[in-house]
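[1] build me a structure from this.
(one chain, ligands or ions: 2)
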Amino acid sequence: MSNNLQDLAAQVDEAAEKGQPISQLSHSSEFTEDEAYEIQRLSILRRFQRGEKFIGLKLGFTSYAKMEQMGVHDMIWGRLTDKMLFANHSEINLNTFIHPRAEPEICFRISQDVDREITLEEAPQFVDGIAAAIEIIDSRYKNFKFSLEDVIADNCSSSGLVVGDWQEVGINISNLKIELRVNQQVVETGNSDDILGNPWLSVVNAARLGLKYGEPLKKGQILMAGAATSAVFMEPDSEIEAIVEGFEPIVFTAK
Ligand code: OOG
Ligand code: MG
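    Ligands and ions are numbered 1, 2, ... in the order given. Here you go, the predicted model:
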């Protein structure tokens, strides 16, 4: 039984680094949700020590499709680093992952430091770009199974992101059709309003959670709003595409 948060952080970090799955931390240690966020912080600190740069935050379980798929019922947040970022139209080698899944998202670029909680009406003042995106999630836990505390400690399964061109903040993001296609076949469909009923609420909630946990959103950072559909497993030699109505399609080839 290990309760040392540093040890637990090292376990998830090494699993991510080596692409080797581990047993759920909660099966051998007891830790609270706040301690899970501390494990996450310590594990990402190890990445920073290896030279990775902090680029922003992600939210998870902001849609019912995702909550249902994973059997978890609370919003979570994680940290993004530059090593996770891939250009649109990239080839992405799946060998470095464990059991990667793709999910279509919306991404916000933050225009000013967030030093207080903000309202839905104010949210656009804190954003200067909006893009379609795909998140690659890859739980470090065997069989992609975890408790809420486990997934928080594991940086909310975050492992990759592909972000499209930035559109102006005035662009409509309500009631947009969202599709995930694999080899040109539609495999998941959703709507931008599936994200918290209004994707702008992701900015409001990330502002609140970032402040609460000492990781406030800063100018120039990005925020992944959370998936609008369930995530799909990826096979090598497949083309993965997200279509968010009104945005440039996001596409990559899984190798
Ligand atoms: C956790 C990450 C959830 C989202 O967009 O809802 C997430 C997982 O499903 O492994 O990124
Ligand atoms: Mg996601």
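
[2] tell me who's in contact with A15.
    21-22, 98, 140, 154 (CB atoms under 8 Å, 6 or more residues apart in numbering). C-beta: built from backbone N, CA, C; applies to glycine.

[3] among those, name the buried ones.
    22, 98, 140, 154 (16 or more other CB atoms under 10 Å).

[4] residue in this structure with the shortest distance to ligand 2?
    E135 (3.9 Å; CB to the ion).

[5] you'd agree that residue is in a strand?
    Yes - assessed by DSSP: H, G, I helix; E, B strand; the rest coil, E135 belongs to a strand.

[6] after the longest helix along the chain, next one along is what?
    Assignment by DSSP state H gives helix 33-49 as the longest helix of the chain. The helix or strand immediately downstream of helix 33-49 is strand 54-60, counting by DSSP states H and E.

[7] run through who's touching that following strand.
    44, 48, 66, 75-82, 84-85, 110, 135, 151, 156-158, 161, 202, 205-206, 209-210, 215, 217, 221-227.

[8] other SSEs contacting the longest helix of the chain?
    Applying 3 or more CB pairs under 8 Å, 6 or more residues apart in numbering; DSSP states H and E, one finds that helix 33-49 makes contact with helix 5-18, strand 76-81, helix 148-153.

[9] ok now the last one, how far from the chain's centre?
    This means helix 148-153. Chain-centre distance of helix 148-153: 13 Å, with CA atoms, centre = their mean, to the nearest Å.

[10] related to what we said a few turns ago, may I have the longest helix of the chain as PDB, with CA atoms only?
    Provided in PDB are the C-alpha atoms of helix 33-49 (Å, rounded to 0.1, in the frame of the first residue of the first chain):
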ATOM      1  CA  GLU A  33     -10.000  13.700  -5.600                       C
ATOM      2  CA  ASP A  34      -7.800  16.700  -4.400                       C
ATOM      3  CA  GLU A  35      -4.900  14.300  -3.900                       C
ATOM      4  CA  ALA A  36      -5.600  12.900  -7.400                       C
ATOM      5  CA  TYR A  37      -5.100  16.500  -8.800                       C
ATOM      6  CA  GLU A  38      -1.900  16.700  -6.800                       C
ATOM      7  CA  ILE A  39      -0.700  13.400  -8.400                       C
ATOM      8  CA  GLN A  40      -1.500  14.900 -11.800                       C
ATOM      9  CA  ARG A  41       0.400  18.100 -11.000                       C
ATOM     10  CA  LEU A  42       3.500  16.100  -9.900                       C
ATOM     11  CA  SER A  43       3.400  13.800 -12.900                       C
ATOM     12  CA  ILE A  44       3.200  16.700 -15.300                       C
ATOM     13  CA  LEU A  45       6.000  18.400 -13.400                       C
ATOM     14  CA  ARG A  46       8.200  15.400 -14.400                       C
ATOM     15  CA  ARG A  47       7.400  16.100 -18.000                       C
ATOM     16  CA  PHE A  48       8.300  19.800 -17.600                       C
ATOM     17  CA  GLN A  49      11.600  18.600 -16.100                       C
END
